[in-house]
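Asks: how would this look folded up:
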Amino acid sequence: SRRRSFWLLVCAVILFTGLTGAQPATVRASIMGLMILLAQYLGRQSQSGHALLVAATAMVAWDPSLLLFDVGFQLSIIATLGLIYLSPIVSALTSAIPALYGLKEVGVQTLSAYIATVPLILWTFHTVSFVALPANLAILLLIPPAMALGFGWGIVAIVAGGTWIAELAALPVTLLLSVIVGIAAWFADAPFAQSTFEVSAVVRGMIVVTAYVAIILFARIMTRRLRLREQEGTILLNI
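Replies: Numbers count the residues shown, from 1 in each chain. Model prediction:
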């Protein structure tokens, strides 16, 4: 039934959050997921931007230090904003590119998150990576099966304990994680993989602020254009 499915999904999300250590990025995603599930259960419309705002506000209210000192939390929020507001724009700009079995969608999401997080990465780590985009594209498709295999192995390990069954069940996830780490290491060791900006905090701050102002203005302008295009298309269909 709908009610049992809702509570089953809620329990699954909470269980997954606990098993992964309740890291800030996971907690943020879990709160957003629970809000969207609740909206669907109540028959209401859900908006990702509002869900992100509520999740971030609740987490900062619980632990204000997240806002200033937790880079993982900051990157998670900024990357999600990129997915919400930049993905539709990037998708529209690349409409001529074929879907290629879902690879285009992965590329659009990766590029959107990358654009949104580059200024923050520059501010925090004083570096800009030139291989982050292709590295993420190469690894991203392997993450879901790695998570599924790891989750399955965790259940087997709990049930079977330290027996040979648990060790055998760990082989697939160990192999897949080794491949992911190997790809990341290969890209990291590539020539000109990144550039270091050893400049003063004032200069970096000016660059970061300018970059985010440009991104926000670009997003607003392009969003308006896309909405006008949709309205014109609707008018033509009605005619």
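Asks: going forward, measure contacts between C-alpha atoms and count neighbours the same way
Replies: OK.
Asks: show the average pLDDT along whichever helix in the chain runs longest.
Replies: Of all the segments of type helix in the chain, defined by DSSP state H, the longest one is helix 201-238. Mean per-residue pLDDT for helix 201-238: 84.
Asks: where does the prediction get shaky in this structure?
Replies: Within the chain, the stretches with pLDDT under 70 are 101, 232-239.
Asks: so which residues of it form strands?
Replies: Assigned by DSSP state E, the strands in the chain fall at 127-129, 194-196.
Asks: what's the closest of those to Leu141?
Replies: For Leu141, the closest of the strands of the chain is strand 127-129, at 20.3 Å, according to C-alpha to C-alpha.
Asks: so which other helices or strands are in contact with that closest one?
Replies: Helices and strands touching strand 127-129, by 3 or more C-alpha pairs under 8 Å, 6 or more residues apart in numbering; DSSP states H and E, are helix 103-125, strand 194-196.
Asks: strands paired with the last one, and their directions?
Replies: Pairing partners of strand 194-196, with direction, according to DSSP bridges: strand 127-129 (antiparallel).
Asks: can you give the contact residues for the strand it pairs with?
Replies: 118, 121-122, 193-197 (C-alpha atoms under 8 Å, 6 or more residues apart in numbering).
Asks: circling back: and the angle from the longest helix of the chain to helix 103-125?
Replies: With axes from the mean of the first three to the mean of the last three C-alpha atoms, to 10 degrees applied, the angle from helix 201-238 to helix 103-125 works out at 160 degrees.
Asks: need the winner for burial among the helices and strands packed on strand 127-129.
Replies: Most buried of the helices and strands packed on strand 127-129 by mean neighbour count (mean count of other C-alpha atoms under 10 Å) is helix 103-125; its value is a mean of 19.
Asks: now it - C-alpha only, CSV.
Replies: Provided in CSV are the C-alpha atoms of helix 103-125 (Å, rounded to 0.1, in the frame of the first residue of the first chain):
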residue,chain,number,x,y,z
LEU,A,103,25.8,9.6,-20.7
LYS,A,104,24.7,13.1,-21.7
GLU,A,105,22.6,13.4,-18.5
VAL,A,106,25.6,12.3,-16.5
GLY,A,107,27.8,14.9,-18.3
VAL,A,108,25.2,17.7,-17.8
GLN,A,109,24.9,17.0,-14.1
THR,A,110,28.7,16.7,-13.6
LEU,A,111,29.4,19.9,-15.5
SER,A,112,26.7,21.8,-13.6
ALA,A,113,28.1,20.7,-10.2
TYR,A,114,31.7,21.4,-11.4
ILE,A,115,30.9,25.0,-12.5
ALA,A,116,29.2,25.7,-9.2
THR,A,117,32.0,24.3,-7.0
VAL,A,118,35.1,25.6,-8.8
PRO,A,119,35.2,29.0,-7.1
LEU,A,120,34.7,27.4,-3.6
ILE,A,121,37.4,24.9,-4.3
LEU,A,122,39.8,27.7,-5.4
TRP,A,123,39.0,29.5,-2.2
THR,A,124,39.5,26.5,0.1
PHE,A,125,42.3,24.6,-1.5
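Asks: if you count contacts, what does it end up packed against?
Replies: Against helix 103-125 (3+ C-alpha pairs under 8 Å, 6+ apart) you get helix 71-85, helix 87-93, strand 127-129, helix 132-140, helix 201-238.
Asks: show me what the last one is packed up against.
Replies: With contacts defined as 3+ C-alpha pairs under 8 Å, 6+ apart, the packing partners of helix 201-238 are helix 87-93, helix 103-125.
Asks: hmm, try it at 7 Å
Replies: Using 3 or more C-alpha pairs under 7 Å, 6 or more residues apart in numbering; DSSP states H and E as the contact test, the elements touching helix 201-238 are helix 103-125.
Asks: which of the helices and strands packed on strand 127-129 sits closest to Ala135?
Replies: Among those, helix 103-125 comes nearest to Ala135, with 10.0 Å by C-alpha to C-alpha.
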